[in-house]
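J.: Provided below for reference: sequence and predicted model.
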Amino acid sequence: MNLKSDQHIESKEILLSILLPTYNYSTGVEKIFNQLNLSSIPFLWHRIEIIVMDDSNNSDVEIQMKKIVDTIKCVKYTRNNPAAGPCENWNRLINQAKGKYYILMHHDEFPITKNFISKVLHNIEENNNVDMIMMDCILMNKGANSLRRHTPSFIRKKVFNLYPGYLFRRNVIGPTATLIIKRSLHYTFDCRLTWLIDVEEYYQIRKKIKYWVYSENLKIASYIDRNDSITERLKGEISEIRQRESKYLSIKHVDALVWLNNKRFYMALEGLLWMGFRVITRTYWYIMNKFKRYPVSNEMAKIAFDDHK
């Protein structure tokens, strides 16, 4: 897809930084690079940068990246020694980025939109001086061979627009990879947080932005049944961590966190409504997947399931 003008194409400004924090998951890194298909768009290399910051305790990602860095000039790789930890790794990546916009894409997330980079650049330039672009989020369960939409788009848009404080109760946005954010608006991740760290960034950014758009044509898949994911590692502790972090955030964001205050009746009512909503939507997607009716095209479904371990 062509960009808006020759002037834009020839510009030396880096328009987009794709930031990849990695930890012991070279298969996921390979999947991302396969989907970015950088070798097919050398004419766009000067407009983008891909930065991989590796926190692994083995050399698998490093060995893999050496081959890529040698051939793709817009890719940069750094191995943290000692390991920085997830939060600090994310902050280092964003501080190192030079792009006007960035996507923070973890190693178990990947684009399933064909010609993803070209289409992202086109969306940025088509929406002149946009602060943020929200992409569609598809959750993938490889073991069950199923795909489902993270949250309906109308809920994501309404919550983000009208009541971003609700994100501290329910992350209806999804992972950070679903947002293309103007780098000048970035809020440094608070390393005192673990479970609510991403939604606090969403809330802080929402307070700053004036103009954002939703692009359902840009789709990010997130792998939800990996045994070594952060969610799996925290399993059994999530409730305690959420409670502790909610208390901390209720002090930090007094004006926003209605759902974190002691309004037990409303929290219980919301909990029942949310549970009912989840039962309905998950039953719907279970039935649809049985008939191979996915929330994306068959081509995108094939991309999601192929070569992903």
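T.: Received it, and whenever you're ready, just let me know what you need.
J.: So which bits of whichever strand or helix holds residue 276 are buried?
T.: Element membership of residue 276, judged by DSSP states H and E, is helix 264-290. Buried residues in helix 264-290, counted by 16 or more other Cβ atoms under 10 Å: 285, 289. Where you see a C-beta, it was placed from the backbone N, CA and C, and this is true even at glycine.
J.: Which parts of this protein are strands?
T.: Ranges of strands within the chain are 16-22, 48-54, 75-79, 101-104, 109-111, 132-141, 146-149, 179-182, 212-223, based on DSSP state E.
J.: With mean pLDDT added, can I get those in a markdown table?
T.: Shown next, in a markdown table, are those (pLDDT from 0 to 100):
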| stretch | mean pLDDT |
| --- | --- |
| strand 16-22 | 98 |
| strand 48-54 | 98 |
| strand 75-79 | 97 |
| strand 101-104 | 98 |
| strand 109-111 | 96 |
| strand 132-141 | 96 |
| strand 146-149 | 94 |
| strand 179-182 | 98 |
| strand 212-223 | 95 |
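J.: what's near enough to touch the closest residue to residue 99 other than its chain neighbours?
T.: Spatial nearest neighbour of residue 99, chain neighbours left out: residue 17 (3.3 Å); criterion: Cβ to Cβ, 6 or more residues apart in numbering. Listed by Cβ atoms under 8 Å, 6 or more residues apart in numbering, the contact set of residue 17 reads 48-51, 97-99, 101-103, 183.
J.: Any figure for the gap between residue 146 and residue 176?
T.: The spacing between residue 146 and residue 176, counted by Cβ to Cβ, to the nearest Å, is 23 Å.
J.: Can you give me the neighbour number for residue 147?
T.: 24 (other Cβ atoms under 10 Å).
J.: Just give the nearest non-adjacent residue to it, would you?
T.: Among residues not flanking residue 147 along the chain, residue 294 sits closest, at 4.7 Å (Cβ to Cβ, 6+ apart).
J.: how many neighbours does the one you found have?
T.: 21.
J.: Then the one 10 residues further on?
T.: Residues contacting residue 304 under the criterion other Cβ under 10 Å number 21.
J.: where in the stretch 151-300 of the chain is pLDDT low?
T.: For the stretch 151-300 of the chain, applying pLDDT under 70 flags the ranges 226-234, 257-262.
J.: Could you pull out the helices in it for me?
T.: Assigned by DSSP state H, counting those that start in this stretch, the helices in the stretch 151-300 of the chain fall at 153-162, 197-208, 230-233, 238-252, 264-290, 298-305.
J.: Rebuild the ones you listed as TSV, extending it with distance to residue 82.
T.: Converted to TSV, the helices of the stretch 151-300 of the chain look like this (distance: least, Cβ to Cβ, whole Å):
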stretch	distance to residue 82
helix 153-162	37
helix 197-208	21
helix 230-233	19
helix 238-252	24
helix 264-290	40
helix 298-305	35
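J.: residue contacts, the residue most central in space within the chain?
T.: Here the mean C-alpha position of the chain is nearest to the C-alpha of residue 177 (Cα atoms, centre = their mean), at a distance of 1.7 Å. Residue 177 is in contact with 103-106, 109, 135, 220, 222, counting by Cβ under 8 Å, 6+ apart.
J.: And for residue 174?
T.: 137, 150-151, 156, 220, 222.
J.: Look up how far residue 271 lies from the residue of the chain most remote from its centre.
T.: Taking Cα atoms, centre = their mean, the residue of the chain most remote from its mean C-alpha position is residue 265, at 32.7 Å. Using Cβ to Cβ, we find residue 265 at a distance of 11 Å from residue 271.
J.: nearest residue to residue 23 other than its sequence neighbours?
T.: Of all residues not flanking residue 23 in the chain, residue 55 sits nearest, at 4.8 Å (Cβ to Cβ, 6+ apart).
J.: Same question for residue 222.
T.: residue 109 is the one closest to residue 222 (Cβ to Cβ, 6+ apart), at 4.8 Å.
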